[in-house]
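Colleague: the following block contains a protein sequence and its predicted model.
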Amino acid sequence: MKLIQIIKVAVIPVLTVLSLLSASNKALADYLTSQGSGGDYRYELWATDNNDYYLKVWSSEASQNSDAYSTTRAFTSTREALIYFDCKYVGKNLPECQNVQ
């Protein structure tokens, strides 16, 4: 009977704490940082908990509930993502556009 009490008092709380700690590391979420439009497109700029950014792009005529026309690769900064949008979708002729693929 004492073994069961030891398990209840010692082992179960330790397992509970370990499971909560491992679950919190897996709970990563993306969040919207900005949105805008240019040319025939509109965008949402999203950030991840890993400090990466990505763009979701729609035609300016698409409804708010439609799937994104395009979702881009990860960017290291908001500046890099917005330059990509301006060069690729808006058609601006910026010096930075030479590096956009």
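Modeller: Perfect, I can see it now.
Colleague: least trustworthy helix or strand in the chain by mean pLDDT?
Modeller: Least confident element among the helices and strands of the chain, by mean pLDDT, DSSP states H and E: helix 12-26 (a mean of 60).
Colleague: and the next element down the chain from that one?
Modeller: Where DSSP states H and E defines the elements, the next helix or strand beyond helix 12-26 is strand 31-38.
Colleague: how far does that next one sit from the chain's center?
Modeller: 12 Å (CA atoms, centre = their mean, to the nearest Å).
Colleague: just checking: what are the partner strands of whatever helix or strand comes next after that strand?
Modeller: Next along the chain after strand 31-38, taking DSSP H and E as the criterion, comes strand 41-47. Applying DSSP bridges, strand 41-47 is found paired with strand 31-38 (antiparallel), strand 53-59 (antiparallel).
Colleague: so which of the ones you listed is the most surrounded?
Modeller: strand 53-59 (a mean of 19; mean count of other CB atoms under 10 Å). Backbone N, C-alpha and C define where each C-beta goes, glycine included.
Colleague: re earlier: CSV please, covering the strands paired with strand 41-47 and showing mean pLDDT and distance to residue 76.
Modeller: Shown next, in CSV, are the strands paired with strand 41-47 (pLDDT from 0 to 100; distance: least, CB to CB, whole Å):
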stretch, mean pLDDT, distance to residue 76
strand 31-38, 93, 14
strand 53-59, 93, 7
